[in-house]
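Q: predicted coordinates and the sequence they were generated for:
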Amino acid sequence: MASDKRNEAHNGALALPEILIAELESADCVLLTTPIHNFTVPSVLKAWLDHVVRPRRTFKLTEAGKVGLLRDRPTWVVLACGDTLADEHGGKVYFATPYLTHVFKTIGIADLDILVLQGLNRGDKYHTVTQLQLDRWLEQLSTTRAVVAILTTIHWPYRT
Ligand SMILES: Cc1cc2nc3c(=O)[nH]c(=O)nc-3n(C[C@H](O)[C@H](O)[C@H](O)COP(=O)(O)O)c2cc1C
């Protein structure tokens with residue numbers, strides 16, 4: 001709805017999305033850590049995305065398709081999966097990676113680095129592998145001090 005047609009109720013409904021979009025706009029980089037719930041992102045993360053992915057605000061519709069309106073920036077995503085991608089009981093179906101890649105690109109964020117940690121509910125063998133993956137990933141990111149400071153908060157609880 002065009003802004004000049006909105007009433008008080010409409011503007012009230014847009015207050016939270018505006019805060020969330022402003023937060024995203026002001027970020028130099030984005031770090032998203034999330035578990036997988038039923039093959040994709042949890043409903044709270046989906047709700048956040050539904051607030052920030054908005055026509056004429058974070059993307060525009062053109063004849064060539066949707067074009068993102070946010071400036072691109074480094075965005076790191078850590079996905080925690082209880083199962084493994086190789087699980088024969090449906091574990092291979094992981095919509096989160098293509099979904100997040102597509103939805104962030106829709107709003108203009110294409111510089112995405114996704115780390116998938118698998119088998120977190122499958123015992124020590126997987127914990128060792130995922131810890132190594134996480135360590136290697138953190139090492140690669142360690143050139144940016146601010147990022148390492150944030151990541152440490154997910155790193156240490158995970159070690160215990
Ligand atoms: C409602 C729910 C659905 C889940 N669905 C999946 C799933 O589809 N695939 C998977 O690998 N793990 C699934 N899990 C396990 C979580 O991904 C796993 O617990 C996560 O890796 C670790 O995060 P946590 O320690 O915060 O629970 C699910 C967990 C919950 C609570």
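A: Everything's here; your move.

Q: how about the residues of this protein near the ligand?
A: Within the chain, the residues that sit near the ligand (Cβ under 6 Å from any ligand atom) are 35, 36, 37, 38, 39, 80, 81, 82, 83, 120, 121. (Each C-beta comes from the backbone N, C-alpha and C, glycine too.)

Q: which of the residues you listed fall within strands?
A: The members of the residues of the chain next to the ligand that map onto strands under DSSP state E are 35, 80.

Q: of the residues of the chain next to the ligand, grab the buried ones for ChimeraX.
A: Selecting the buried subset of these in ChimeraX, with 16 or more other Cβ atoms under 10 Å as the burial test, is done by:
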select :36,80,81,83,120
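
Q: now the most centrally placed residue in the chain. Nearest residue, chain neighbours left out?
A: In the chain, the C-alpha closest to the average C-alpha coordinate belongs to residue 32, at a distance of 4.5 Å (Cα atoms, centre = their mean). Excluding the flanking residues, the one nearest residue 32 by Cβ to Cβ, 6 or more residues apart in numbering is residue 77, at 4.7 Å.

Q: so after the host helix or strand of that neighbour, what's the next helix or strand?
A: For residue 77, the host element (DSSP states H and E) is strand 75-80. Read in the C-terminal direction, the helix or strand following strand 75-80 is helix 96-106, with elements assigned using DSSP H and E.
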